[in-house]
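[1] here you go, sequence then predicted model.
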Amino acid sequence: MVILAVVFLRFRTDYNKGLSASLFFIILMPPNSTIELSAALPSFTIHRLILFVWFVMWIRNKTITKRLGDIPFFKILLMISAVFAVSTALSSYLLVSIKRYFYFLIEAVLFFIMLQTSLKNRTVVSNVVIAISASLAVVAFIGVLEKYTGFNPSPYLGEKLRYEFEVDHTGLATDIISTYLHRILFGIAMAIGMMHYFYHIDKMNTRLQNIIYWLLLSINGAGLYFSLSRGPWLAFVVSILLLLVIAPKEVFIKSLVLMAVVGIVFIIKPGAKSTIMGLARSTGDETSLKGASFRWRFIVWNMAYTSITKSSIMHTIFGYGGGSHLFMEFGRVLLPTGHSALFESWDMEYAVILFEQGFVGFFLTLFFYIAILKKSIAHCFRKKQDYKIMQLALACFFIIVFMKTNVNIYAPQLDYIEYVYIAIISALTSERYQLSIDKTDNEKQ
């Protein structure tokens, strides 16, 4: 209630300030801050309650154009929603699938519409980027605090019941998770935070800002390291390489500086280098725990593919419905180590999409992602308006798309982050945004 009051008061002061406050708390807060009434009713997480306050203010804001037909990517998102509706109707766990579909409409479709239409000009987009950066900095600080003190405030912010039938993914007691449920998901957030401060370094105007930005970059980097997850590290490196191809002159120097900082850290703390090299070597060893974990993703994909291709034609086309993967019992599977294990962990988001939404939903999602990447990369190459913000949005979006091959994205904050960047990319490539830039330029002249 305190957070909702803060968000509401910020909206009353100024809509754009309320927008920034909403995104700050949506990305920061853990999902256990929840009001749950029964298994039959939706869960009112802090994120959904913030969205409700935001929706009321969005509806009341007469300055926001609410035409949806000319929003880039919106029609594809509607097609995905239609396919998801069919998948839901086919589900054997109808109540769970209906709730999952409802959450998708609220947390993806409505969230995307409200944010995209709110990004009216350069100032609003910049403020949104700053709000996300600040939120991820707090997430990183909590992770560093957890590492050195063992204290994490998240469990004290509420206790979520199991009405959504979630699988327990808490991991080891020593894992650093901050507010993101699992160390890998925390690592993804930190890789995105690193990219944000990688972007902000260009904006330094004073010596104090210089110190602050590098300090925040270091804190996010520490969080990324403490996650001890190879996927987010690799995703960050690959996204940097993508930016080097798109904007070599602008990214090369910063990349060299970043590598120099990492080199200094390795010299000061040689254990960090040993840890990273050890994780890399174990990935190639099929008999090791890390090596088997890496190859588990292929087992997950094969299980999803086999399950829907051997089912009825409707399930093959449209899948089993949202949340259905949580109830499937596949027995034991053979690991590369020669051991067998129960099939419980869906460590690949694309496999979940294939299983729950079938081939139509899976290929529509791929088409959606390819369309976004294609349009954002073309925007960066042509150096259109605000292309540096587009570079940031592209890199962060790519991190999430890449990581969906490695993990099941079940931290709601990451779902919101994904659609933040889709909304930014959509806004920057829209005619409405171009007209606002032209109007601003004319007024300056």
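    All right, it came through fine.
[2] gap between stretch 121-138 and the chain center?
    Its chain's average C-alpha position is 15 Å from that of stretch 121-138, according to C-alpha atoms, centre = their mean, to the nearest Å.
[3] ok, Thr309 touching Thr316?
    Yes. Between Thr309 and Thr316 a contact is recorded at 6.0 Å, counting by C-beta atoms under 8 Å. C-betas here are computed from N, CA, C, even on glycine.
[4] and these two? Which one has more around it.
    When Thr309 and Thr316 are compared for neighbours, Thr316 comes out ahead with 15 against 11, by other C-beta atoms under 10 Å.
[5] residues in contact with that one?
    Residues in contact with Thr316 (C-beta atoms under 8 Å, 6 or more residues apart in numbering) are 308-309, 358-359.
[6] one more pass at 6 Å, please.
    The neighbourhood of Thr316, defined by C-beta atoms under 6 Å, 6 or more residues apart in numbering, consists of 308-309.
[7] am I right that it is in a strand?
    No. Assessed with DSSP: H, G, I helix; E, B strand; the rest coil, Thr316 is helix; it does not lie in a strand.
[8] ok, now how distant is it from Ser87?
    12 Å (C-beta to C-beta, to the nearest Å).
[9] now swap in Leu105 and tell me
    Using C-beta to C-beta, Leu105 is found at 13 Å from Ser87.
[10] okay, the two: which has more neighbours?
    For Leu105 and Ser87, the more surrounded residue by other C-beta under 10 Å is Ser87, and the numbers stand at 27 against 13.
[11] so how far is Tyr15 from that one?
    36 Å.
[12] swap in Val56?
    For Val56 relative to Tyr15 (C-beta to C-beta), the value is 11 Å.
[13] those two: which has the busier surroundings?
    More crowded of Val56 and Tyr15, by other C-beta under 10 Å: Tyr15, with 19 against 12.
[14] neighbours around the nearest residue to the more buried one once chain neighbours are set aside, how many?
    Of all residues not flanking Tyr15 in the chain, Asn61 sits nearest, at 5.4 Å (C-beta to C-beta, 6 or more residues apart in numbering). Number of residues near Asn61 (other C-beta under 10 Å) recorded here: 17.
[15] equivalent analysis for Ala82, please.
    By other C-beta under 10 Å, the residues close to Ala82 number 13.
[16] so it belongs to a strand, correct?
    No. Ala82 is assigned helix when assessed by three-state DSSP, not a strand.
[17] check it and give its pLDDT.
    As predicted, Ala82 sits at a pLDDT of 97.
[18] against His379, how distant is Lys310?
    To His379, Lys310 is 42 Å away according to C-beta to C-beta.
[19] what segments of the stretch 101-250 of the chain are helices?
    Listed in chain order, the helices of the stretch 101-250 of the chain (DSSP state H, counting those that start in this stretch) span 111-118, 122-149, 183-200, 207-226, 230-246, 248-268.
[20] nearest to Phe298, of the ones you listed?
    Taking C-beta to C-beta, helix 230-246 is the member of the helices of the stretch 101-250 of the chain nearest to Phe298, at 14.4 Å.
[21] between helix 207-226 and that closest one, find me the angle.
    The directions of helix 230-246 and helix 207-226 differ by 130 degrees, with axes from the mean of the first three to the mean of the last three C-alpha atoms, to 10 degrees as the criterion.
[22] now the phi/psi pair for the residue nearest to Tyr15, please.
    When read as degrees, to the nearest 10, the backbone of Asn61 gives phi -80, psi 110.
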